[in-house]
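[1] Show me the folded form of this:
(one chain, ligands or ions: 2)
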Amino acid sequence: MAESGTFQPRPLDRSAPFYVAGHRGLVGSAIWRNLEAEGFTNLVGRASSDLDLKDRDAVFSFFSLVQPRYVVLAAAKVGGILANNTYPVDFLSENLRIQVNVLDAAREFGVERLLFLGSSCIYPKFAEQPIREDSLLTGHLEPTNDAYAIAKIAGIMHIQAVRRQYGLPWISAMPTNLYGPGDNFSPEGSHVLPALIRRYDEAARAGTQVVTNWGSGTPRREFLHVDDMAAACLHLMEHYDGPSQVNVGTGKDVTIRELASLVADAVGYSGEILWDTSKPDGTPRKLLDVSKLAEAGWSASIGLEEGIKSTVAWYRDNLLSVRG
Ligand SMILES: NC(=O)C1=CN([C@@H]2O[C@H](COP(=O)(O)OP(=O)(O)OC[C@H]3O[C@@H](n4cnc5c(N)ncnc54)[C@H](OP(=O)(O)O)[C@@H]3O)[C@@H](O)[C@H]2O)C=CC1
Ligand SMILES: C[C@H]1O[C@H](OP(=O)(O)OP(=O)(O)OC[C@H]2O[C@@H](n3cnc4c(=O)[nH]c(N)nc43)[C@H](O)[C@@H]2O)[C@@H](O)[C@@H](O)C1=O
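    Residues are numbered from 1 along each chain as shown. Ligands and ions are numbered 1, 2, ... in the order given. This is a model prediction of the structure:
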């Protein structure tokens, strides 16, 4: 098989058991909604309180019982720049254990098609922009998330090794920074977009005239709405078969300052915005090259302004139950 993979349609059976690992999270819940909308009738999910994926025996028992035919691995320890920088052992160890257990059990119990989710932070800190899939392992990682990135790189290698040793058509996708309904809005632990929505909404409600964001505001990031991400995941499972991970993004990025203005406008916050440069900036830019995804026949459809507005509306409608 060519390194670039194949892009023929390979429809999934809508009635087969389909396990969405992490189905209560930002990405997993969007994948679940999309699969339901696409007619899948045999979806399986488990909360971490019912099935701790770090527990190898429990994971094998679960696979033995459910015998899923398809799996998306969207369960992971996930957080923003500060959480990653503060708890690198947790991000490395938990993610390695979760993915090794799930991938080993999936192979043991004959899962036919599986999608592993990594992250754009797997690429070198100073990778050429936009970042192509083949820049993996060509330079040093960004230190604020290197432990998490190494776990994700091990996951990509695990998928490639299964393909090589067992011939299974499993694949990996590398999403850019995601956002949308069901996100984690914890002030310390979240990613930037939910953090800004919460900070500005609280300031607007309290009539506060000054907010302080992290870093310099100059880094550039690419943001993809999670409903687009969910659609891309199913599309790749049905249209892509290859060893290389596939970047999933919009192909457009903004500075964090520009993002902050978009969120302020969407929330109705008109006060001053300060920047705390004692907090890390992280990688200066990580814009994904999405040509492989385009070759597979998919592109994003939810614009950033529209996506921020609908996420603010979701946040306000769910104030009492949001995570964080
Ligand atoms: N959010 C983002 O910007 C990006 C995310 N990704 C990737 O997408 C995937 C999903 O991320 P996202 O949805 O944002 O993360 P969330 O934190 O929103 O969700 C993660 C899910 O994983 C589950 N989980 C965590 N630990 C365990 C465990 N030990 N056992 C069982 N389940 C567990 C949680 O289950 P429960 O709720 O039941 O506790 C939760 O539902 C991850 O692989 C992440 O790396 C990649 C790039 C960007
Ligand atoms: C998806 C990706 O997410 C993480 O990487 P990151 O892209 O750096 O993610 P972030 O969203 O946390 O920050 C983006 C930028 O925004 C700035 N920023 C301003 N104000 C706030 C703020 O209030 N909170 C946060 N979190 N950031 C802020 C912040 O200083 C930085 O410059 C990885 O660890 C890794 O997990 C990963 O894969």
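
[2] my read: residue 64 touches residue 109, true?
    Yes - between residue 64 and residue 109 there is a contact at 6.4 Å, judged by C-beta atoms under 8 Å. For glycine as for every other residue, the C-beta is placed from the backbone atoms N, C-alpha and C.

[3] State the distance from the residue of the chain most remote from its centre to residue 237.
    Each residue of the chain has a distance to the centre, and by C-alpha atoms, centre = their mean the biggest one is for residue 207: 33.6 Å. Going from residue 207 to residue 237 by C-beta to C-beta, to the nearest Å gives 48 Å.

[4] repeat for residue 303
    25 Å.

[5] Quick check: phi and psi on the residue farthest from the centre of the chain?
    In terms of degrees, to the nearest 10, the main-chain angles of residue 207 are phi 70, psi 20.

[6] now swap in residue 323 and tell me
    Backbone geometry at residue 323, expressed as degrees, to the nearest 10, gives phi -70, psi 140.

[7] any idea how far residue 25 is from it?
    Distance from residue 323 to residue 25, by C-beta to C-beta: 9 Å.

[8] shared neighbours, the two?
    Taking C-beta atoms under 8 Å, 6 or more residues apart in numbering as the contact rule, the neighbours common to residue 323 and residue 25 are residue 182.

[9] quick one, which of those two is more surrounded?
    residue 25 (22 against 15; other C-beta atoms under 10 Å).

[10] Which of the three states applies to residue 27?
    When classified by DSSP: H, G, I helix; E, B strand; the rest coil, residue 27 comes out as helix.

[11] got a list of what the residue nearest to it when sequence neighbours are not counted touches?
    Using C-beta to C-beta, 6 or more residues apart in numbering and skipping residues adjacent in sequence, the residue nearest residue 27 is residue 74, 4.5 Å away. Listed by C-beta under 8 Å, 6+ apart, the contact partners of residue 74 are 20, 21, 22, 23, 25, 27, 28, 31, 117.

[12] Leaving out chain neighbours, which residue sits closest to the fourth one?
    It refers to residue 23. In space, and not counting its chain neighbours, residue 23 is closest to residue 45: 3.2 Å by C-beta to C-beta, 6+ apart.

[13] what does residue 160 give?
    residue 243 (4.8 Å).

[14] ok, that neighbour touching residue 158?
    No - Residue 243 is beyond contact range of residue 158, at 11.7 Å (criterion: C-beta under 8 Å).

[15] Could you check how far the closest residue to ligand 1 within the chain is from residue 74?
    Here the residue of the chain nearest ligand 1 is residue 25; by C-beta to the nearest ligand atom that distance is 2.0 Å. Using C-beta to C-beta, residue 25 is found at 6 Å from residue 74.

[16] Next: residue 125.
    Residue 125 is 25 Å from residue 74, where distance means C-beta to C-beta.

[17] and if you look at residue 285?
    According to C-beta to C-beta, residue 285 and residue 74 sit 26 Å apart.

[18] try residue 214
    Distance of residue 214 to residue 74, given as C-beta to C-beta: 26 Å.

[19] ditto for residue 271
    Applying C-beta to C-beta, the value for residue 271 to residue 74 is 36 Å.

[20] same check, this time on residue 80
    In terms of C-beta to C-beta, residue 80 sits 17 Å off from residue 74.

[21] Please apply the same query to residue 115.
    To residue 74, residue 115 is 9 Å away according to C-beta to C-beta.

[22] Which neighbours do the two have in common?
    By C-beta under 8 Å, 6+ apart, residue 115 and residue 74 have no common neighbours.

[23] Got phi/psi on residue 117?
    Torsion angles, degrees, to the nearest 10, at residue 117: phi -100, psi 120.

[24] what sits against it?
    Neighbouring residues of residue 117 by C-beta under 8 Å, 6+ apart: 27, 72, 73, 74, 76, 172, 173, 174, 175, 233.

[25] try 7 Å this time
    By C-beta atoms under 7 Å, 6 or more residues apart in numbering, residue 117 lies in contact with 27, 73, 74, 173, 175.

[26] From these, pick out the ones that also neighbour ligand 2.
    Counting by C-beta under 6 Å from any ligand atom, nothing from these sits close to ligand 2.

[27] Please state the mean pLDDT value computed over the helix or strand containing residue 82.
    Element membership of residue 82, judged by DSSP states H and E, is helix 81-86. The predicted model gives helix 81-86 an average pLDDT of 98.

[28] Now the helix or strand that that helix is followed by - C-alpha only, CSV.
    If you walk from helix 81-86 toward the C-terminus, the next helix or strand you reach (DSSP H and E) is helix 88-108. Only the C-alpha atoms of helix 88-108 are listed here, as CSV (Å, rounded to 0.1, in the frame of the first residue of the first chain):
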residue,chain,number,x,y,z
PRO,A,88,3.3,16.1,32.8
VAL,A,89,3.5,12.8,34.6
ASP,A,90,-0.3,12.4,34.6
PHE,A,91,-0.6,13.4,30.9
LEU,A,92,2.1,10.9,29.9
SER,A,93,1.2,8.0,32.2
GLU,A,94,-2.6,8.1,32.0
ASN,A,95,-2.7,8.5,28.3
LEU,A,96,-0.1,5.7,27.7
ARG,A,97,-2.1,3.3,29.9
ILE,A,98,-5.5,4.2,28.4
GLN,A,99,-4.4,3.8,24.8
VAL,A,100,-2.3,0.7,25.3
ASN,A,101,-5.1,-1.0,27.1
VAL,A,102,-7.8,-0.1,24.6
LEU,A,103,-5.6,-0.8,21.5
ASP,A,104,-4.5,-4.2,22.9
ALA,A,105,-8.0,-5.2,23.8
ALA,A,106,-9.4,-4.0,20.4
ARG,A,107,-6.8,-6.2,18.6
GLU,A,108,-7.4,-9.2,20.9
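
[29] Having no further points to raise, I will conclude here.
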